[in-house]
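Novice: structure, please.
(2 chains)
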2 protein chains.
Amino acid sequence: MKFIHTSDWHLGRQFHNVSLLDDQRAVLQQIEHYLTDHNVDALVIAGDIYDRSVPPTSAIEVLDDFLTKVIQDIGVPVIMISGNHDGAKRLGFGARQLDRSGLHIISGLEQMTTPIVISSTDKPDVYFYGMPYSDPEHVRHFYNVTVSNHDDAHRIMAQQLSEVMDSSKQNVLISHCFIDGAEPSESERTLSIGGADRVSFSHFSHFNYVALGHLHQAQKRGAEHIRYSGSIMKYSFSEQYHNKSMTLVELDGDGKVTTSMIPLTAPHNMRILEGTLSELLEAGQHDEHNEDYLLVRLMDKHAILDPMAKLREVYPNVLHLEKPGMLVGVDREMTQARLAHSELDMFKDFFHDVQGEVLTVEQESMVADIVGALSKGNKE
Amino acid sequence: MKFIHTSDWHLGRQFHNVSLLDDQRAVLQQIEHYLTDHNVDALVIAGDIYDRSVPPTSAIEVLDDFLTKVIQDIGVPVIMISGNHDGAKRLGFGARQLDRSGLHIISGLEQMTTPIVISSTDKPDVYFYGMPYSDPEHVRHFYNVTVSNHDDAHRIMAQQLSEVMDSSKQNVLISHCFIDGAEPSESERTLSIGGADRVSFSHFSHFNYVALGHLHQAQKRGAEHIRYSGSIMKYSFSEQYHNKSMTLVELDGDGKVTTSMIPLTAPHNMRILEGTLSELLEAGQHDEHNEDYLLVRLMDKHAILDPMAKLREVYPNVLHLEKPGMLVGVDREMTQARLAHSELDMFKDFFHDVQGEVLTVEQESMVADIVGALSKGNKE
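Specialist: Numbering: from 1, shown residues only, chains lettered A, B, ... in the order given. Alright, predicted model coming up:
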């Protein structure tokens, strides 16, 4: 029995004012192709399907088209839970009708204890329990118990599952939380400050497999069978070195679990480039991936007129620019006189950028007088 | 073969800052009870299910619970189209999966030519065609034809249906538009100014029955079998004399159509009351329906301090107050002196309201001096 575990799609995400929906659509096509070409019994999405509770219409369409292809054309059932980015009630509309069609949306705690049973031709049935993202307040209210943090909440939810699950069966848990010790990246929305969001893996260890969402890097937590699939693409520059994938999970029916990573590649990579403007412009000429989404760290030590426009001539998708080079060599003991002098330097750089030539001695003297007069004026 | 035709639910509507959701839930329960007690083959909702394209979560829950009861518990399939208030793509999420469950959401033109076939135990099948609300621009773009107004758009959509429908069958059309000559009420969102929204009934006359939505008063248009069910409750004070209902439609299989109105009653009626404050306060003491949503027209000719608070002591849901009485007797030729005098009158009314007694001659003289001085001051 095989299923695909994925999470953190964040459909509809805007990144530095650029819509990532075309990239997301392309990655979802890779998932479709895999499901078409391979014999897989289910697709599991462990939360954060959308990037926000009221997703844009275009993101709804992308998901709707994907699900129709996977469920109706390819014939693979889909099980998804709501994550902290999703609007649970909104995502869950029609869930009780959709269940019959092979689309299982688990977004309310009342659904948690009813497993989705997936049959396979040659192996025993697998029981999937979905734990929708629920904050401590919600769990406290729903079960009328004391809950002070996410660890409490997940312990209590896991206890609820222990009471109904049959441990002689193969059981899979789907959850969206921050398992203790895992390293977050910038694009995961912070649940809280100071560790109250951390959950111990030990609550989940009695499942045959735990399909986690929330952290964007694929990883196991606490045990081999407790795993994050990671997001389907990079969602921040801090994820530049992640290899994105979905996880193929095989349950052999005797308790043995095998996992493997199926790579996913977004059309635009997300990278950080460092260098001087001239180095970067030169490198860009030969960069096959010059359309990647870039954060550029400009190392030049002098001012440059509109470097973004210059960079975008070769790297059209520079999304963010940092200028750490401008800070290099700045002396903390620098005197006021030195600062005044550096205004003149900046003007000389500017003049050179615009005119392509250096100031004459006469011109420089005039500008120095003007800067001096302005500086004096400011002090009066 | 029997079905219920209803429309214009506007779930999630706010009326003068009051949520109508509890009233809407109560009316939906009446529909549930009817469907439980009577043998009905389908429920048709002709658009404006929600009041806006991004409905509040609470409205989504109400609809979700209703649909689950009707489809799963009572076993009646539901066919709905999107109206001009609905967000078509948002409402249509999962429609292709939901079709299998007995929930048919038709919100895209590509769905229009595929009928929903409803079988009955003793009569021939009925073919339901849903025409989602589509403005001229959308129809023009979808079919790549010239469309200048709503009448053109509906003629073209009806032609598309003529090409696929089998006139030897019993065919029902569901549409959300403004059939020519029908009288709107204030709460229907205006489609356009000057008649470009009007649609001739003649495009639809070849269907056995046309289930319309958009106008809030139940009525036939152009022919007996082309009908608006009206909204499920009143949504503006201009609807105060409407009797709200849903329409039971019976098709006998030989082309004969019988319709009857099944009354629906919201917990709070919507009414307009007219009278002086003292008359209304008196009447309110004996008004069994004093919790209705009210527009009050106060006929008093003198100023009253905080009449809303006084009225709400007996009519807690006064939502809007008009004071036509204050305009009675105002002479267009009134001189400036007369106006100054009436400021004194207003103060006398105010004093009487607050203190429960009239001004003494001395007090009145003092106030007159002050009003005079202020009036003189304003002119300088």
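
Novice: tell me which element the residue of the stretch 201-350 of chain A found nearest chain B is part of?
Specialist: Proximity of the stretch 201-350 of chain A to chain B (Cβ to the nearest Cβ) peaks at residue A:232, 19.7 Å away. C-beta coordinates here come from the backbone N, C-alpha and C atoms, glycine included. Here residue A:232 is covered by no helix or strand, with elements defined by DSSP states H and E.

Novice: show me what from chain A comes close to chain B.
Specialist: Counting by Cβ under 8 Å from any Cβ of the partner chain, the residues of chain A close to chain B are A:54, A:57, A:60-61, A:63-64, A:67-68, A:71-72, A:87, A:89-90, A:92-103.

Novice: mind checking which of those are buried?
Specialist: Buried members of those, scored by 16 or more other Cβ atoms under 10 Å in any protein chain shown, are A:57, A:60-61, A:63-64, A:67-68, A:71-72, A:87, A:89-90, A:92-103.

Novice: quick one: contacts for residue A:5?
Specialist: A:44, A:46, A:209, A:211, A:227, A:229, A:246-249 (Cβ atoms under 8 Å, 6 or more residues apart in numbering or on different chains).

Novice: following the helix or strand where residue A:344 lies, which helix or strand comes up?
Specialist: Element membership of residue A:344 [criterion: DSSP H and E] is helix A:336-355. Toward the C-terminus, helix A:336-355 is succeeded by helix A:361-379 as the next helix or strand (DSSP H and E).

Novice: now residue A:98: how far from residue A:106?
Specialist: Applying Cβ to Cβ, to the nearest Å, the value for residue A:98 to residue A:106 is 11 Å.

Novice: show me chain A divided up by domain.
Specialist: Under the assignment automatic domain parsing, the domains of chain A span A:2-263, A:270-379.

Novice: so residue A:49 touches residue A:9, yeah?
Specialist: Yes. The pair residue A:49 / residue A:9 is scored as a contact, 5.3 Å apart, by Cβ atoms under 8 Å.

Novice: which residue is the nearest non-sequential neighbour of residue A:244?
Specialist: Counting by Cβ to Cβ, 6 or more residues apart in numbering or on different chains, residue A:264 is the residue found nearest to residue A:244 once chain neighbours are left out, at 4.8 Å.

Novice: quick one: contacts for the one you found?
Specialist: Residue A:264 neighbours (Cβ under 8 Å, 6+ apart): A:27, A:30-31, A:232-233, A:244-246.

Novice: same check, this time on residue A:64
Specialist: Residue A:64 neighbours (Cβ under 8 Å, 6+ apart): B:89, B:92-96.

Novice: checking my notes, it in a helix, right?
Specialist: Yes. Counting by DSSP: H, G, I helix; E, B strand; the rest coil, residue A:64 is part of a helix.

Novice: okay, it: pLDDT?
Specialist: Looking at residue A:64, its pLDDT is 94.

Novice: what of residue A:356?
Specialist: 78.

Novice: ok, how many other residues are close to it?
Specialist: Residue A:356 is flanked by 7 other residues according to other Cβ atoms under 10 Å in any protein chain shown.
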